[in-house]
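Engineer: The following comprises the amino acid sequence and a computationally predicted model.
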Amino acid sequence: MKLDLLAIAAHPDDVELTCGGTLLKTARLGYKTGILDLTQGEMGTRGTPETRAKEATSAAKILRVAWRGTLSVPDSDVQPGRQHKLRLAHVIRELRPHTVILPYWEARHPDHYHASTLAYEGCFLAGLKQLPIEGEAYRPFKILYSTSYAGVRPTFVVDITTEFDTRHKAILAYGSQFRPKTRQKKSKVFLAIDRLEDEMNQLARHYGQMIGVKYGEPFLQKELLAVDDVIKLPVRSI
Ligand SMILES: [Zn+2]
């Protein structure tokens, strides 16, 4: 399979919450997209790994993702170890994504910043011909960092106004992770997904506003953006 865009993140639902709208928008443009979850999210307080796997599959369908897989790294112990990097490099060689979306490299949750390093180094190693893994050497052309969890100034924002409702549906697919609605015991989860989604929606509104639309998802790239036609630059200055 040859993907145009592959989003890599630590836990199932990270991708939906941080760049789900962009994945859907890219698929709607006719590109082939994919999601690689590094863990199965088995440390989540609710829902068995099987339930979460089913939820991840439904969410992927809603976002029109062509491929979704997991590296099965232990949840809460994501480390950029050699074995994980080699396995990730193997996936990169199989999927040959043109562009990858990684988590930003600084985060509160260690799994998130380790995921960034693990994924970057896996992408790099995939291009080394002498690497002791199968497949033809390959490196993605472009690396984008999702900055939704990070609070740093992004390089650009993708307008997801049209995709916003469907992104919400994809997040709702993780039914087992939502705070119980009835008078059950109070949740001990630090960030239940409904609170997290609320935060992400506020961020989407914030970044959308910054580019003059309703909702947007922020990204950062280390390279500078090259521009051919300065007259066609979007987003009004004054
Ligand atoms: Zn996460």
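Structural biologist: Yep, it's here.
Engineer: Give me every residue in the chain lying close to the ion.
Structural biologist: Residues of the chain lying close to the ion by C-beta under 5 Å from the ion are 10, 11, 14. For the C-beta atoms, the positions are set from N, CA and C on the backbone; glycine is no exception.
Engineer: okay, these in JSON lines with secondary structure next?
Structural biologist: Rendered in JSON lines, the data for the residues of the chain next to the ion read as follows (DSSP: H, G, I helix; E, B strand; the rest coil):
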{"residue": "10", "secondary structure": "coil"}
{"residue": "11", "secondary structure": "coil"}
{"residue": "14", "secondary structure": "helix"}
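Engineer: Neighbour count added to the residues you listed, as a markdown table?
Structural biologist: As requested, the residues of the chain next to the ion are exported to a markdown table (neighbours: other C-beta atoms under 10 Å):
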| residue | neighbour count |
| --- | --- |
| 10 | 28 |
| 11 | 25 |
| 14 | 27 |
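Engineer: Now residue 209: which helix or strand?
Structural biologist: Taking DSSP states H and E as the definition, residue 209 sits inside helix 193-210.
Engineer: just to revisit the earlier point, how about the residues of the chain next to the ion in CSV, adding distance to residue 218 and pLDDT?
Structural biologist: Converted to CSV, the residues of the chain next to the ion look like this (distance: C-beta to C-beta, whole Å; pLDDT from 0 to 100):
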residue, distance to residue 218, pLDDT
10, 18, 96
11, 19, 93
14, 15, 95
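Engineer: Could you dump the residues you listed into a markdown table and include distance to residue 37?
Structural biologist: Below are those laid out as a markdown table (distance: C-beta to C-beta, whole Å):
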| residue | distance to residue 37 |
| --- | --- |
| 10 | 8 |
| 11 | 7 |
| 14 | 8 |
